[in-house]
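Trainee: The following comprises the amino acid sequence and a computationally predicted model.
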Amino acid sequence: MRAQSIVLSSAVATAVLCATFSSAAEHKLNVVVSNSAYHSIADYIGGDKVVVSHIVEGNQDPHIVRPKPSLAVLLRKADVYVTTGMDLEMWSPALVDMSGNPRIRSGQKGFVSASAGLKIIEVPITVSRAEGDVHIYGNPHIHTSPLNGKTIAENICVGLKKNAPEHAAFFDQNLARFIDEVDRRTFGDDLVKLLGGKTLTDLATSGRLVPFLEKKQYKGRPLISRLGGWMKEALPLRGEKIVAYHKNISYFSQLFGVEIVDYMEPKPGIPPTPGHIAGVMEKMRKQNVKVMWAENYFDVGQVRKVAEKVGAVPVIVALGPGGQPEMKTFFDQFDIWIRELNRAFQKVGNLRAS
Amino acid sequence: MNILELMAAPFAECLILVAIHTYLGIHVLKRRVIFVDLALAQIAALGTTVGFLFGIMPETPSALVFSMIFTFLGAAVFAITRFRHEKVPQEAVIGLTYAVSCAIAVLVVEKTRGAEHLKDILVGNLLWVKWADVLTAAFIYLLVGVLHFIFRKRFLAISDDPEKAYAAGISVKAWDFLFYLTFGVVITFSTRVAGVLMVFVFLVAPAILAFMITNRLAHQLLIGWGTGTAVTVLGLYLSWNLDLPSGPAVIAFYGVALVIGGIIVFLIRARPRSDAVRSVLLGGVVTALVVWSVWSLGRWLATTKWAISDEARHVEESIAHDRSVAAAQESEAHETRRAALAARTGRCVGANKIERHLEFFGPEEQLQHARETLRVNKRKGLEFLLVALADEELPLLYREEAVDLLTKAAGKSFGYDTQADMSQNAKAIRRICERIRLMKKADDD
């Protein structure tokens, strides 16, 4: 009886020890990212080897964060910290200081700048704060193009590998899977097979993709007939005009060819003024612009009011994952944005027809 | 697009705001509770914010109910804290109420993750007011106005001389509560549209002007309404003309109007007038000097290194770092690709041709160049085709095109399989190499 209980208790002890060891071996990387889009990508690359948390939710203004004690605590525990690395998160350096975590300072092993190596657009020629909160290094809302997601994922992957080299192969494999999924979801399987993601991405980011596909023949028919994915879904949007609230979706509009004729804000970050809104409404009437776009963290009432006055259809969506119920991942963003824009333009078409 | 279409509703809203707030403002000045409206407005806003916590969106009737409830509570607090023989000025209680409700609003907003709407509470959204809102507010203000007209004697008694009211046996606490209640209702409706700051200005500024000029209530009201309307019209017009946010434009213009009005009243009243004129001129010169020094100091400070924030420096360094890393990676990738191509083409192609191949923008241009070269010089064209076929990154479509070109130019495909990978095609590449060497030899001979 006694022997039995000793065996039993030693078995329990071994089990407990094993559990402790294995949990030490299974130490997960603590990854903190600035916004929810990076969260979705970091989850994909890190899988079950990381625990990811983000600071700015998909329905919040990424420019503003009120420092809270909990954020400093979050960053203190972080092994890897991902921000855009431009001047989007001006609150970030203060937060890193507050956390007192030396690993995630810029240039250190735990710091990842998501925008490194990206082709940045809208870099201003002259810089003045009088022009609103201009981003002096160009437009930092990089997560609004699926293709940028590939570079963001590469940067995150490098950061993860530096801090958990034992899982390098796993991360690399997930990165390859992610890049492949972005390519397929953007261009469709057919074109990815024929032209490869890199060639397609080069053509798309330099604005030459659609004319090229229309001209280039393969097996007797133009390549455009083989286009799939978001690019195909967004083909009806190409060349259509919209008015947006803030310069959030420049990368999106560049990729899918939706033309933003004006913004509700007179200058980025500066709230609408009467004269400017009057000008915007005038322009919408003259150029027959019938769709308006605003992220749901702005004053949606204003957008609806202007839309009502000029007979336009407002599209109100979240800027990132988690910002509205069905938008859960980086991929959902584009599904929903394109779907909502298509619906809006269909509605406009129906109105015109009736 | 004309000024009327956009500004008519804000203008009407301003007019009814002036009408009711000038009157209430006179009460507020008499009672010496200047900040009571800020406090009540903030309590009303807190109500909306707390409603948001339950999922009630701002600007809905339910949100209004919430801010009303909070306003009633606030009115009760102010009525209770007014004592006949006060030790602590009531203004202190009012200020404290403002600060605490403001802080609680921030805390509540933090829990709901909707901080973006908080700044609307402060500045308001005058420009976006809807006609329906204007009409509702006008109706409510009218009710309050009628109520105050009926009981004007009581309300004025407790505002003018509470001591006499106490002595006359009026229930000061009850009337106080009613006063703050009606006041709170008005404030709730006004802050929804105009924001805390603007409501405060509408309340105090016309009343101050009126107080400067006369002591008779009827005259005070007329002066307040007149100047209020004039300043609002001009402020809105400026906002339209200079394209400034409407609320802040009107508020700032009120400040300017008060200063100018004060100077005019001072000049009219002063005896002897020459002394007064001299003081005003001196004041003008001093003001100009102060503005000029601040302006030049600002211009100078902006150019020194003290004006560069840590954040800006940090971002600058981080971007420079990223660029150098990206550049290094790119040149490394380029180098590996070049070396791989050189190895795979078995050195039968010149290094300059590989370099050339890598310089082109994408496979379309690479093959285009090979095609053109084939027309001029078959051997050189084949060399470019070989580099393309040995390039791992050449997409399938172009691989097939390259094999077509190869077959046309050399009569066969050398067993190159477009679906296979590089190691499987190594043999084919060697055969093409062999052909190029033979052609070169023939050329040399």
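Mentor: That came through, no problem.
Trainee: rest of the way, CA atoms for contacts and neighbours
Mentor: Will do.
Trainee: which residue sits closest to the residue of the stretch 51-200 of chain B found nearest chain A in space, ignoring its chain neighbours?
Mentor: Shortest the stretch 51-200 of chain B-to-chain A distance, computed as CA to the nearest CA: residue-wise this is B:Trp128, at 6.2 Å. With sequence-adjacent residues excluded and distances taken as CA to CA, 6 or more residues apart in numbering or on different chains, B:Trp128 is closest to A:Gln302, at 6.2 Å.
Trainee: hang on, A:Ile55 in a strand?
Mentor: Yes - when classified by DSSP: H, G, I helix; E, B strand; the rest coil, A:Ile55 is found to be part of a strand.
Trainee: Residues of the stretch 51-200 of chain A that sit close to chain B?
Mentor: Where the stretch 51-200 of chain A comes near chain B, counting by CA under 8 Å from any CA of the partner chain, the residues are A:60-61, A:85-87, A:90, A:93-94, A:106-107, A:113, A:116-117, A:193-196, A:199.
Trainee: coming back round to it: do you know how far the residue nearest to B:Trp128 is from A:Ile64?
Mentor: From A:Gln302 over to A:Ile64 the distance is 21 Å, taken as CA to CA, to the nearest Å.
Trainee: Likewise for A:Val210?
Mentor: From A:Val210 over to A:Ile64 the distance is 37 Å, taken as CA to CA.
Trainee: Counting neighbours, go ahead and name the busier of these two.
Mentor: Between A:Val210 and A:Ile64, counting by other CA atoms under 10 Å in any protein chain shown, A:Val210 is the more crowded of the two (19 against 15).
Trainee: residues touching the more buried one, list them.
Mentor: Contacts were defined as CA atoms under 8 Å, 6 or more residues apart in numbering or on different chains; by that measure A:Val210 touches A:Ala204, A:Ile224.
Trainee: Let me know the pLDDT of it.
Mentor: Among the per-residue scores, A:Val210 shows a pLDDT of 93.
Trainee: what about dumping the CA coordinates of the host helix or strand of it to PDB?
Mentor: Following DSSP states H and E, one finds A:Val210 within helix A:209-215. The C-alpha trace of helix A:209-215 is given here as PDB (Å, rounded to 0.1, in the frame of the first residue of the first chain):
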ATOM      1  CA  LEU A 209      -0.900  45.400 -64.700                       C
ATOM      2  CA  VAL A 210      -4.300  45.900 -66.300                       C
ATOM      3  CA  PRO A 211      -3.100  47.400 -69.600                       C
ATOM      4  CA  PHE A 212      -0.500  44.600 -69.800                       C
ATOM      5  CA  LEU A 213      -3.100  41.900 -69.200                       C
ATOM      6  CA  GLU A 214      -5.400  43.400 -71.800                       C
ATOM      7  CA  LYS A 215      -2.600  43.400 -74.500                       C
END
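Trainee: Name the residues of it that are buried.
Mentor: Of the residues in helix A:209-215, those scored as buried under the neighbour-count criterion (16 or more other CA atoms under 10 Å in any protein chain shown) are A:Leu209, A:Val210, A:Phe212, A:Leu213.
Trainee: Reformat the residues you listed as TSV; add distance to B:Phe179.
Mentor: Putting the buried residues of helix A:209-215 into TSV (distance: CA to CA, whole Å) gives the following:
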residue	distance to B:Phe179
A:Leu209	70
A:Val210	69
A:Phe212	74
A:Leu213	74
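Trainee: Please list the residues of the stretch 151-300 of chain B that sit near chain A.
Mentor: Selection of the stretch 151-300 of chain B residues close to chain A by CA under 8 Å from any CA yields B:Ser239, B:Trp240, B:Asn241, B:Leu242, B:Asp243, B:Leu244, B:Pro245, B:Ser246.
Trainee: so who does the third one touch?
Mentor: Under the criterion of CA under 8 Å, 6+ apart, the neighbours of B:Asn241 are A:Gly275.
Trainee: just checking, next helix/strand downstream of the helix or strand bottoming out on mean pLDDT in chain A?
Mentor: Of all the helices and strands that make up chain A, the one with the lowest confidence by mean pLDDT, DSSP states H and E is helix A:2-25; it has a mean of 46. As assigned by DSSP H and E, the chain's next helix or strand after helix A:2-25 is strand A:29-35.
Trainee: On the C-terminal side of that next one, identify the next helix or strand.
Mentor: Proceeding N to C from strand A:29-35, the next assigned helix or strand is helix A:36-46, under DSSP H and E.
Trainee: Figure out how far that following helix is from the centre of its chain.
Mentor: Here the centre of mass of C-alpha atoms in helix A:36-46, compared against the chain's by CA atoms, centre = their mean, to the nearest Å, lies 10 Å away.
Trainee: Tell me which other helices or strands that helix touches.
Mentor: Helix A:36-46 sits against strand A:50-56, helix A:146-163, helix A:168-187, helix A:330-353, with contacts defined as 3 or more CA pairs under 8 Å, 6 or more residues apart in numbering or on different chains; DSSP states H and E.
Trainee: between the second one and strand A:29-35, how many degrees?
Mentor: So the one you mean is helix A:146-163. Between the axes of helix A:146-163 and strand A:29-35, defined by axes from the mean of the first three to the mean of the last three CA atoms, to 10 degrees, the angle is 150 degrees.
Trainee: Model confidence for the residue nearest to B:Trp128, exactly?
Mentor: According to the model, A:Gln302 scores 82 on pLDDT.
Trainee: tell me which residues of stretch B:125-141 are tucked away?
Mentor: Within stretch B:125-141, the residues that count as buried by 16+ other CA under 10 Å are B:Asn125, B:Leu126, B:Leu127, B:Trp128, B:Val129, B:Asp133, B:Val134, B:Ala137, B:Ala138, B:Tyr141.
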